[in-house]
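just need the structure, nothing else, for what follows:
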Amino acid sequence: MNEEIRKVLEALKNGEITTEEAEALIEAIKQREDYKDENFESSDENVETKVGEITVIEEGEVFEGDINIVNGEAVIKGIVNGDCSIVMGKLTFSGEVKGDMNIVGSRVKWNGGVIDGSLNIVASKEEGTPPKVKGGLTRVNNLLLKGLFKVFLKPFLSGFEIKNGNFKKSKKTQKFETLIVEEGKEFKTDDDIVAEEVIVKGKLACGNLKADKIRAIGTISCGNIETEELIVEGTVKTGNVKAENITVYQDGSISSGNVHAENIELNGVISSGNVTCEVIWGNGKLNAGWLNCEENRLNK
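Next up is the predicted model:
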């Protein structure tokens, strides 16, 4: 057995990391090995990897390709037409990244800006005004992961990707016009689910969940949620929520890594690392690391 995978399994056995975190690390180790085998002698002019250096993209400047920083510093005021990954380094950001921004074990100073893809942060310290994130937003604060990433992934940063709040993994997708889980019933799968409408009166556990309309009267536990309308009368536990409109009734609750929506009517409870929206109102309770919204009318 690969020595690195053995250490991950030991950490899982000792209760130091969750099953999901162990799966993510093992997948990352495998991706790193694949990258080393396939790309060891290759050179890509559109991927810039720097170790222990300072990289500056000035305002008005455009960098074509991906930027990877290991144990270094990046100051991004301009545009990166690709992904940007910072591992064990420092980032000052006010520009725009067209792809994903991946940050591991680093210090970050936000000065606004835009990230068109996903923002994924593992065991990092942040300050300032966060950027506008158009894709998913994921934050993992487990400090043990910082050490594991440093040992396993630092030498081959380009060998891993984080997509939609998780390491890229091949999953099956189940498609429905309308998925209804009746009261007292349970629908459990590791697959992603795509539907026009999802109504859960019982229990639903799945991978990522994408639908035009989702109504949780019972319990939903899933990876990430993407929907136009999310109505919560019961319980929703998810990695991230991306929606146009969210309604949480008095007895409803959402537990999520991050929530991104246009409008939120909150009369129940939302517990989330970050909440980004245009307007939030209601008489409910919000437990969030930070709230970024244009209009806050909670409890008013």
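
every contact and neighbour count from this point should use C-alpha atoms.
Fine.

what residues sit buried inside stretch 246-260?
246-250, 252-260 (16 or more other C-alpha atoms under 10 Å).

check stretch 81-100 too.
For stretch 81-100, a neighbour-count test (16+ other C-alpha under 10 Å) marks 81-100 as buried.

pLDDT score for residue 174?
For residue 174, the model assigns a pLDDT of 94.

so in terms of bridging, what pairs with it?
Beta bridges link residue 174 to residue 193, judged by DSSP bridges.

my read is that it contacts residue 189, right?
No - contact between residue 174 and residue 189 fails when scored by C-alpha atoms under 8 Å: they sit 9.4 Å apart.

which stretches of this protein have low pLDDT?
1-53, 70, 123, 139-171, 289, 300 (pLDDT under 70).

all helices of it, in order?
Secondary structure of the chain (DSSP state H): helices at 3-13, 19-39, 143-152.

coming back round to it: sort out for me which of the buried residues of stretch 246-260 are in strands.
Counting by DSSP state E, the buried residues of stretch 246-260 place 246, 247, 248, 253, 254, 255, 256, 257, 258, 259, 260 in strands.

can you name the two of those that are farthest apart?
The largest separation in those, counting by C-alpha to C-alpha, is between 247 and 257 at 17.7 Å.

hang on, residue 277 packs against residue 296?
No - using C-alpha under 8 Å, residue 277 is not in contact with residue 296, being 9.3 Å away.

domain boundaries for the chain, per the record?
Split into domains by automatic domain parsing, the chain comes to 3-167, 173-298.

so which of those domains is the most packed in?
domain 173-298 (a mean of 20; mean count of other C-alpha atoms under 10 Å).

show the end-to-end separation of that domain, please.
Domain 173-298 has an end-to-end distance of 37 Å (C-alpha to C-alpha, to the nearest Å).

and for stretch 71-90?
With C-alpha to C-alpha as the measure, stretch 71-90 spans 8 Å from end to end.

over to stretch 82-92?
Stretch 82-92 has an end-to-end distance of 17 Å (C-alpha to C-alpha).

ramachandran angles for residue 207?
Note on residue 207: its backbone torsions stand at phi -80, psi -130 [degrees, to the nearest 10].

what about the residue nearest to it when sequence neighbours are not counted, distance to residue 209?
Among residues not flanking residue 207 along the chain, residue 192 sits closest, at 4.4 Å (C-alpha to C-alpha, 6 or more residues apart in numbering). Residue 192 is 6 Å from residue 209, where distance means C-alpha to C-alpha.

residues touching the residue nearest to residue 207, list them.
171, 172, 173, 174, 206, 207, 208, 209 (C-alpha atoms under 8 Å, 6 or more residues apart in numbering).

residue 231 now?
Applying C-alpha under 8 Å, 6+ apart, one finds that residue 231 lies in contact with 214, 215, 216, 246, 247, 248, 249.

strands along the stretch 151-300 of the chain, start to end?
For the stretch 151-300 of the chain, the strands defined by DSSP state E, counting those that start in this stretch occupy 162-163, 166-167, 173-181, 186-188, 192-200, 203-205, 209-216, 219-232, 235-248, 253-266, 269-282, 285-298.

how far off centre is stretch 66-74?
20 Å (C-alpha atoms, centre = their mean, to the nearest Å).

got the end-to-end distance for it?
Chord length of stretch 66-74, first to last residue, is 13 Å (C-alpha to C-alpha).

tell me the phi and psi of residue 208?
phi -80, psi 150.

so what's residue 134 closest to, chain neighbours aside?
Excluding the flanking residues, the one nearest residue 134 by C-alpha to C-alpha, 6+ apart is residue 116, at 5.0 Å.

surely the one you found and residue 95 touch.
No - assessed by C-alpha under 8 Å, residue 116 is found out of contact with residue 95, at 11.0 Å.
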